[in-house]
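*Asks:* Just need the structure, nothing else, for what follows:
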Amino acid sequence: MNSAHHRRAFLVASASGFAGLHFGTPARVQANELPATLDLGNARGGRAKSVILFFLCGGASHIDTWDMKPDAPSEYRGPFQPISTSAPEIQCCEHLPLLAKQAHHLAVIRSVCGTVNTNDHHAGYYFNLTGHVPDTTFKTQGNDRRPYADDWPFMGSVVGSRRPIQNGLPNAITLPHKPSKLPYTRPGQFAARLGVAFDPLYVQGSFDEPLKFHVPSLVLSGDVTAEHLKSRQQLLKQLDVARSQFENSAMERTWKDHQQRTLDLLLSSNATKVFDLESESEATRARYGSTINGTSLLLARRLVEAGTPFVTVFWKENEAIANQCKSAGGWDTHGNNFECLKTHLLPEFDRAFSALIEDLDQRNLLGQTLLLVNSEMGRQPKIGDPRSGGASGAGRDHWTHCQSILMAGGGIRGGQTFGTSDRWAAYPSEHPLTPADIAKTVYYAAGIDDLQAEDSQGRPYNLLEEGEPIKALFG
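*Replies:* Modelled structure (predicted):
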């Protein structure tokens, strides 16, 4: 392809609005070649038509939420107390009272070890989002490590690639932001080697207008109407004779697919209805909370209701609390851990996530929707990060060696715990797991047992050989 042709292909791609297009190369598998139906007949796995991943950006403290150690020394356990829940087997933090009432729907997994060689965010994201151990570039490049075309794919892209396109909506949608701020984009959230056709569509939301979501390049400006857009599209089809030179190019076919899907989404009345959160009752909106993370979960419910196979909500950090938490305003609580959790993070999470469970259950959607709450790491059990004043700073440092994960719905048997950590919540004790096991459990719930793919040269490979699904969770 000469330089002029390559530039034209890039321009077509850049108009599509699918973030991360330059992070992958087209795979041989095409979305329109996928099976039109999905076998959901498995009596245990395979019940989840959709998955919602709620990712607590920054590294949520497991020992202060779902794996509390009230008998540990004070320098480990902190001031929070555990409380009983609607499930006899589960206790949780006293600052999660609404979620405690929904615990009979939950499975709490307490033995996940995602140790990475950097003990840091980039590698933690990658491991937990793909199920693959980060390679040495994460250590040599640190925060300068960018998403690469040959990275392993995001689990949401894998699920989306195995489902047929329907209702004019993409199969994987991420909101309300793309972690993290440029140029430090987190690896692991893209389709990568699976092919850019399966990258998530990124939908943006803001703290100022939490009910409004948009895809920047899909917003019609000025007096441009859908009718004008259709007319322009017809004109471009007539004038774009140069396109015929690329008809046999896999890259060009991918760009065309992106452009068509973007146009379908922009003109879809179904998409317009899904994104209209103001059509929800005031009571429902209040139940989720008026925060951007709360309304993102409300939108996630509407998306799975419309048939979207995989929705990711990345917790949007609030810069207003960044200084007091010695963080970016999220779950990376290097300092003042307990006050930040008690005052800001836990109340918002408690209201929003408990609302999602309750809402899905009342709409008879919980059984067919797998909910997954995860983070890139846990927090160090011993209180006191040297970077924030040690013990007096009351913070917790990074800790990739142990974390807790929540699951609900999608065939999961609620009211149970799985695995244990040691007496300090530092390392897994019983039933040790890795992020690969969690990814395989998501695939099992979604009825995906074929993880074979082909690269651009037609060579077969397995998308995730490591790990086993936790079948004991289902029933």
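
*Asks:* only C-alpha atoms for contact and neighbour calcs from this point on.
*Replies:* OK.

*Asks:* what residue is smack in the middle of the chain?
*Replies:* T312 (3.4 Å; C-alpha atoms, centre = their mean).

*Asks:* and that one, that's in a strand?
*Replies:* Yes - residue state for T312 (DSSP: H, G, I helix; E, B strand; the rest coil) corresponds to a strand.

*Asks:* Provide the partner residues of it in its beta bridges.
*Replies:* Legend: beta-bridge partners of T312 under DSSP bridges are L53, T174.

*Asks:* residues contacting it?
*Replies:* I52, L53, F54, F55, G156, A172, I173, T174, L175, A300 (C-alpha atoms under 8 Å, 6 or more residues apart in numbering).

*Asks:* switch the cut-off to 10 Å
*Replies:* The contact partners of T312, taken as C-alpha atoms under 10 Å, 6 or more residues apart in numbering, are 51-55, 156, 172-177, 189, 200, 202, 296-297, 300, 372.

*Asks:* cool, and M155?
*Replies:* Going by C-alpha under 10 Å, 6+ apart, M155 touches 53, 128-131, 161, 172, 188-191, 310, 439-440, 442-443, 463-464.

*Asks:* and if you look at Q416?
*Replies:* Listed by C-alpha under 10 Å, 6+ apart, the contact partners of Q416 are A87, P88, E89, I90, A103, H104, H105, L106, A107, V108, I109, L473.

*Asks:* Now a ChimeraX select for only the buried ones of these.
*Replies:* Restricted to buried positions by 16 or more other C-alpha atoms under 10 Å, the ChimeraX selection for those reads:
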select :87,90,103,104,105,106,107,108,109,473
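
*Asks:* Farthest-apart pair in the contacts of Q416, please.
*Replies:* Taking every pair in those and measuring C-alpha to C-alpha, the maximum separation is 16.4 Å, between P88 and L473.

*Asks:* just the strands in the stretch 1-150 of the chain please.
*Replies:* Secondary structure of the stretch 1-150 of the chain, counting by DSSP state E, counting those that start in this stretch: strands at 50-55, 82-84, 91-93, 106-112.

*Asks:* Turn these into JSON lines, including distance to D350 and mean pLDDT.
*Replies:* Formatted as JSON lines, the strands of the stretch 1-150 of the chain follow (distance: least, C-alpha to C-alpha, whole Å; pLDDT from 0 to 100):
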{"stretch": "strand 50-55", "distance to D350": "12", "mean pLDDT": "99"}
{"stretch": "strand 82-84", "distance to D350": "14", "mean pLDDT": "98"}
{"stretch": "strand 91-93", "distance to D350": "10", "mean pLDDT": "98"}
{"stretch": "strand 106-112", "distance to D350": "14", "mean pLDDT": "98"}
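
*Asks:* coming back round to it: list only buried entries from the contacts of M155.
*Replies:* Buried, going by 16+ other C-alpha under 10 Å: 53, 128-131, 161, 172, 188-191, 310, 439-440, 442-443, 463-464, out of the contacts of M155.

*Asks:* Out of those residues, which sit inside helices?
*Replies:* The helices, defined by DSSP state H, take in N128, L129, T130, S161, A439, K440, V442, Y443 from the buried ones among the contacts of M155.

*Asks:* Grab the two from the residues you listed that are most spread out in space.
*Replies:* Across these (C-alpha to C-alpha), the longest gap, 18.8 Å, separates N128 and S161.

*Asks:* The contacts of Q416 into CSV, with extra columns for distance to T65?
*Replies:* Below are these laid out as CSV (distance: C-alpha to C-alpha, whole Å):
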residue, distance to T65
A87, 16
P88, 17
E89, 15
I90, 11
A103, 13
H104, 16
H105, 17
L106, 14
A107, 14
V108, 11
I109, 12
L473, 20
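
*Asks:* ok, the contacts of Q416 vs I405, which is closest?
*Replies:* Checking the contacts of Q416 against I405 with C-alpha to C-alpha, the nearest one is I109 at 5.1 Å.

*Asks:* contacting residues for that closest one?
*Replies:* I109 touches 66-67, 403-407, 416-421, 431-433, 438, 473, counting by C-alpha under 10 Å, 6+ apart.

*Asks:* L182 versus that one, what's the distance?
*Replies:* Distance from I109 to L182, counting by C-alpha to C-alpha, to the nearest Å: 33 Å.

*Asks:* pLDDT below threshold where in the stretch 201-350 of the chain?
*Replies:* 216-270 (pLDDT under 70).

*Asks:* Would you confirm that N128 contacts G378?
*Replies:* No - contact criterion C-alpha atoms under 10 Å: N128 and G378 do not qualify, at 11.6 Å.

*Asks:* Need the CA coordinates for the host helix or strand of T295. PDB is fine.
*Replies:* If you go by DSSP states H and E, T295 is part of helix 292-305. This file holds the C-alpha atoms of helix 292-305, laid out as PDB (Å, rounded to 0.1, in the frame of the first residue of the first chain):
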ATOM      1  CA  ILE A 292     -20.800   9.700  37.500                       C
ATOM      2  CA  ASN A 293     -20.000   6.200  38.700                       C
ATOM      3  CA  GLY A 294     -23.500   5.600  39.900                       C
ATOM      4  CA  THR A 295     -25.100   6.800  36.600                       C
ATOM      5  CA  SER A 296     -22.500   4.700  34.700                       C
ATOM      6  CA  LEU A 297     -23.800   1.600  36.400                       C
ATOM      7  CA  LEU A 298     -27.400   2.700  35.600                       C
ATOM      8  CA  LEU A 299     -26.400   3.000  31.900                       C
ATOM      9  CA  ALA A 300     -24.700  -0.400  32.100                       C
ATOM     10  CA  ARG A 301     -28.000  -1.900  33.200                       C
ATOM     11  CA  ARG A 302     -29.700  -0.300  30.300                       C
ATOM     12  CA  LEU A 303     -27.100  -1.600  27.900                       C
ATOM     13  CA  VAL A 304     -27.400  -5.200  29.000                       C
ATOM     14  CA  GLU A 305     -31.100  -4.800  28.900                       C
END
